[in-house]
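Enquirer: I would like to see how this sequence folds:
(one chain, ligands or ions: 2)
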Amino acid sequence: MLNFEYYTPTKVVFGKNAEAQVGKLVKEQNCKKVLVHYGSGSAKRSGLLDRIFDSLRAEGIDFVSLGGVVPNPRLSKVYEGIDLCRKENVDFILAVGGGSVLDSAKAIGYGLENDCDVWDLYMNKAKPTGATPVGAVLTIAAAGSEMSNSSVITNEDGWLKRSCNTDYIRCKFAVMNPELTYTLPKYQTASGCTDILMHTMERFFSLEKHTELTDRISESLMRTVMRNAKILMTQPENYDARAEVMWAGSLSHNGLTGCGTGGGDWAPHQLEHELGGMFDVAHGAGLAAVWGSWARYVYHTDVSRFVQFAVNVMGVTNDFRDPEGVALAGIEAMEKFYHEIEMPISIHELGVDVTDEQIKELAYKCSFENTRTIGQFQKLNLQDIEKIYEMAR
Ligand code: NZQ
Ligand code: ZN
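Expert: Ligands and ions are numbered 1, 2, ... in the order given. Model (predicted):
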């Protein structure tokens, strides 16, 4: 087991009607004025936003609001939020929505406390020294931003999607009512479940051998998500299935499934971030589109890890004479699952027909203009990245 730090300071309030506690939770933060940040309309349509406003008013909390965050949240909205918060002397940000709203809120939080262009923090040109605190009311189980140290923003100038990861930005609290996710379109539910799975798979595919407890946690998390994702395809208002998936989303990305396995691989995520930046695809669906190609490209590095995945997670029968066959059967079984929940397993199925030039551009951007490798399980350079995009085409 490798050395690790595990830090999860977010207070979780989980269950039916949890959002009624928002006013009280914000009050505990001793802030003077709150920005309520939200997306393109779902929170308004469902009446959630009004209930949040009522809960804040009931506690006598002063607030302003800013909506309009889109999936793959934009830097321009972050600047708008920073300006509004400065003008209104906001000292706490309440995100009501999914990963995109949370990440936009986190970016505004960074922008308010750091004396530089906030994009510099995402481009690694400056390091954050703090952030205005953020709390969350989650409406989709997916990105895990409610308990993660990460914020991912897309700059429309060049369509670059980049992340900034520090503990400053971990949510003070996360309010999670699985019922709030009943209204999700099927595609977003499936895409969210894929992202949750991937957050554990990124950490599971490690070269470290002695991670028995973490492996068992990860394997059971992945099986739980797959079982309940299938239920949600036909029963979107199944509370227990929504609850299992929502809790898995947080545990998948709060560090638990990476304890002792190293920092995670993250190559599939890096490959997806360029697709998201250039083609504005749903993050989870983008991950499903590239994962199989990544897996087939790297599994030789440690076939036994892919055998463990195939047998313990995907239910493939072990055949000790043919570990490679078992490893490949596990990858195929995962792709079959993606199809069962109507997720793509290629970039074409994702709805994008990339040209040769675009594959080169994706790979160039993903390698930060040929200045870095991605991945830990197997380090991948510009040429490797290009080949994987080609396989995923
Ligand atoms: O904007 P609204 O109208 O709310 O619509 C959203 C959006 O269209 C809709 N939605 C959300 N809750 C809903 C709902 N529709 C009906 N009912 C509800 N209850 O769903 C759509 C997707 O929302 P989004 O927030 O984009 O989804 P997700 O949570 O998957 O977030 C994706 C973003 O998070 C980033 C991704 O790259 C992507 O930009 N990630 C953030 C991470 C982090 N901060 O730790 C880690 C992830 O790996 C990921 O990169
Ligand atoms: Zn993700």
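
Enquirer: Please count neighbours and contacts with C-alpha atoms only from this point.
Expert: OK.

Enquirer: Spit out the contact partners of the nearest residue to Gln376 once chain neighbours are set aside.
Expert: Using C-alpha to C-alpha, 6 or more residues apart in numbering and skipping the chain neighbours, the partner closest in space to Gln376 is Asp265 (4.6 Å). Asp265 sits next to Glu202, Arg203, Phe205, Ser206, Ile374, Gly375, Gln376, Phe377 when contact means C-alpha atoms under 8 Å, 6 or more residues apart in numbering.

Enquirer: what about Asp265, which helix or strand?
Expert: Following DSSP states H and E, there is no helix or strand that holds Asp265.

Enquirer: How about the residue of the stretch 201-350 of the chain found nearest ligand 1, nearest residue that isn't a chain neighbour?
Expert: Across the stretch 201-350 of the chain, no residue is closer to ligand 1 than His283, which sits at 5.2 Å (C-alpha to the nearest ligand atom). For His283, ignoring the flanking residues on the chain, the nearest one in space by C-alpha to C-alpha, 6+ apart is Gly276 at 6.4 Å.

Enquirer: Buried ones in whichever strand or helix holds that neighbour, by neighbour count?
Expert: Here Gly276 sits within helix 267-279, counting by DSSP H and E. Neighbour counts over helix 267-279 (16 or more other C-alpha atoms under 10 Å) mark Ala267, Pro268, His269, Gln270, Leu271, Glu272, His273, Glu274, Leu275, Gly276, Gly277, Met278 as buried.

Enquirer: ditto for stretch 378-389
Expert: Within stretch 378-389, the residues that count as buried by 16+ other C-alpha under 10 Å are Gln378, Leu380, Asn381, Leu382, Asp384, Ile385, Glu386, Lys387, Ile388, Tyr389.

Enquirer: Specify which member of the residues you listed is nearest to Phe309.
Expert: Gln378 (16.7 Å; C-alpha to C-alpha).

Enquirer: what's the distance between that closest one and ligand 1?
Expert: Separation of Gln378 from ligand 1 (C-alpha to the nearest ligand atom, to the nearest Å): 19 Å.

Enquirer: how about the nearest residue to that residue, chain neighbours excluded?
Expert: Val298 (6.3 Å).

Enquirer: would that neighbour count as being in a helix?
Expert: Yes: the assignment for Val298 by DSSP: H, G, I helix; E, B strand; the rest coil puts it in a helix.

Enquirer: Lys336 versus that one, what's the distance?
Expert: For Val298, the distance to Lys336 equals 19 Å [C-alpha to C-alpha, to the nearest Å].

Enquirer: likewise Val36?
Expert: Per C-alpha to C-alpha, Val36 is found 40 Å from Lys336.

Enquirer: So between the two, which is more surrounded?
Expert: Neighbours of Val36 and Lys336, each counted by other C-alpha atoms under 10 Å, are more numerous for Val36; the result is 21 against 14.

Enquirer: Quickly list what the more buried one is bridged to.
Expert: Judged by DSSP bridges, the bridge partners of Val36 are Ser65, Leu94.

Enquirer: How much space separates the residue nearest to Gln378 from Glu80?
Expert: 42 Å.

Enquirer: which of these two has more neighbours?
Expert: Higher neighbour count among Val298 and Glu80: Val298, with 18 against 12, using other C-alpha under 10 Å.

Enquirer: is it true that that one touches Leu380?
Expert: No: with contacts counted by C-alpha atoms under 8 Å, Val298 stays clear of Leu380, the gap being 9.2 Å.

Enquirer: Excluding covalently adjacent residues, which one is nearest to the residue nearest the centre of the chain?
Expert: Centroid-nearest residue in the chain, with C-alpha atoms, centre = their mean: Ala143, separated by 2.5 Å. Once flanking residues are discounted, Ala143 sits nearest to Gly99: 5.2 Å by C-alpha to C-alpha, 6+ apart.

Enquirer: and what of Ser55?
Expert: Of all residues not flanking Ser55 in the chain, Gly23 sits nearest, at 4.8 Å (C-alpha to C-alpha, 6+ apart).

Enquirer: show me the contacts for the nearest residue to Ile345 once chain neighbours are set aside.
Expert: Ranked by C-alpha to C-alpha, 6+ apart and with sequence neighbours excluded, the top spatial neighbour of Ile345 is Ala289, at 4.1 Å. Going by C-alpha under 8 Å, 6+ apart, Ala289 touches Met343, Pro344, Ile345, Ser346, Ile347, Glu349, Leu350, Ala392.

Enquirer: nearest spatial neighbour of the last one, skipping sequence neighbours?
Expert: Using C-alpha to C-alpha, 6+ apart and skipping residues adjacent in sequence, the residue nearest Ala392 is Ser346, 5.0 Å away.

Enquirer: ok so, going back, so can I have TSV of the buried residues of stretch 378-389 showing distance to Pro323, pLDDT and secondary structure?
Expert: Output for these, formatted as TSV (distance: C-alpha to C-alpha, whole Å; pLDDT from 0 to 100; DSSP: H, G, I helix; E, B strand; the rest coil):
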residue	distance to Pro323	pLDDT	secondary structure
Gln378	19	98	coil
Leu380	24	98	strand
Asn381	27	98	coil
Leu382	29	98	helix
Asp384	24	98	helix
Ile385	26	98	helix
Glu386	28	98	helix
Lys387	24	98	helix
Ile388	23	98	helix
Tyr389	26	98	helix
